[in-house]
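Asker: Following is a predicted model, sequence given first.
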Amino acid sequence: MSAMSEWGSAQFVGDIAIAPVVDGRAFENPREVLLRPTFSGDPWAHHGDLLNAEGQLELTMGAYLIRTGDRLVLVDAGVGMINNGQYQGGGLLSSLLDLGVEPSDITDVVLTHLHFDHVGWATQKGQIVFPNATYRCHSADWQHFIESDTADAGAIRKLSPIAPHLELFDTDHTLATGVDVRHAPGHTPGSVIVIISSGDDRAMLIGDIAHCPAELTENDWEAVFDVDRDLARRTREALAAELEGSTTLVGAAHFPGLQFGRLLTGEGQRSWLR
């Protein structure tokens, strides 16, 4: 396993280290994927700083690695070996090696939900990528994506090989020292957030509860990726209210560079500070 000196990009919550693990990036038309139906005008008019030079929303693809005690917990598994112009992956294992971590070192893989861009390295060509890990996800997502009458064929192919190594859960619980999972449905039926805590220090990995900071600084956004848009919006707005003005570090699955930030209280509108 890696020496901590190799974790230069890590955030620390007490003795628990959290490092971003970048796999690649994706490009979306912001006005097609993130909407504000109740907003009059263009909701992106004041968010040009979140778009690239071509006016696209550039989303980081990847995961977070948590080191707590003798556990190495990978939260999500990137987009995998996809490179079709819109989605560009393939870097996750190299990013782990930059941290001094081999796939065999990972003890746990926690999937915040089962969309394709979060499970890409769960398996490759039918083979499990992290052979010594216990894979974990919420039972509502496994049922929705793998076992239901409308199950996703791609998800079945990708995830069926992990079944012998899978532990499903349906309640909020402690996964490891200082690491808890909490149900946050809407984006998918079994979406979860991961909470890291030590004493008064706290960080939160929110998965796809929000895809860009604007969804946290303003209410009423909807994402076309959300399975239940109304529930996802309520979950997101409740989380933003919880985080606003707190010292909790926030990591989101697609924010630029997977960098952590905080949600600050502002006059009439919250703000995001990296």
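Answerer: Yep, it's here. Numbering: from 1, shown residues only.

Asker: Low-confidence regions, this structure specifically.
Answerer: Counting by pLDDT under 70, the ranges of the chain that qualify are 1-5.

Asker: run the last query once more with 90
Answerer: Judged by pLDDT under 90, the chain has its weakly predicted residues at 1-9, 46, 266-269.

Asker: what comes into contact with the helix or strand where residue 135 lies?
Answerer: Applying DSSP states H and E as the criterion places residue 135 in strand 134-138. For strand 134-138, contacts defined as C-beta atoms under 8 Å, 6 or more residues apart in numbering pick out 107-111, 113-114, 122, 162, 165-170, 175, 181, 183, 189-192. In short, each C-beta sits where N, CA and C put it, glycine included.

Asker: Check stretch 247-260 too.
Answerer: Stretch 247-260 is contacted by residues 11, 13, 18, 20-22, 26, 58-62, 64, 76, 112, 118, 201-213, 216, 243, 261-263, 274 when judged by C-beta under 8 Å, 6+ apart.

Asker: what's residue 181 in contact with, if anything?
Answerer: By C-beta under 8 Å, 6+ apart, the contact set of residue 181 is 110, 136, 138, 169, 172-173, 175, 192-195.

Asker: that older thread, what are the buried residues along the helix or strand just after the strand holding residue 135?
Answerer: Of the helices and strands lying after strand 134-138 in sequence (DSSP H and E), the nearest is helix 139-142. Burial within helix 139-142, assessed by neighbour count using 16 or more other C-beta atoms under 10 Å, is assigned to 140-142.

Asker: And those residues, which is closest to residue 96?
Answerer: residue 141 (23.9 Å; C-beta to C-beta).

Asker: For the nearest residue to residue 213 once chain neighbours are set aside, give its distance to residue 248.
Answerer: Nearest non-adjacent residue to residue 213, counting by C-beta to C-beta, 6 or more residues apart in numbering: residue 272, 3.8 Å away. The spacing between residue 272 and residue 248, counted by C-beta to C-beta, to the nearest Å, is 13 Å.

Asker: Now the common contact residues for the two.
Answerer: residue 262.

Asker: residue ranges for the helices of this structure, please.
Answerer: 30-33, 92-98, 139-142, 153-159, 214-217, 229-243 (DSSP state H).

Asker: Separate out the buried members of the contacts of stretch 247-260.
Answerer: Looks like these have 11, 13, 18, 20-22, 26, 58-62, 64, 76, 112, 118, 201-213, 216, 243, 261-263 buried, using 16+ other C-beta under 10 Å.

Asker: In the strand holding residue 135, which residues are buried?
Answerer: Here strand 134-138 shows 134-138 as buried, counting by 16+ other C-beta under 10 Å.

Asker: rewinding a little: the contacts of residue 181, buried ones only, as a ChimeraX selection?
Answerer: Filtering the contacts of residue 181 down to the buried ones (16+ other C-beta under 10 Å) takes a single ChimeraX command:
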select :110,136,138,169,175,192,193,194,195
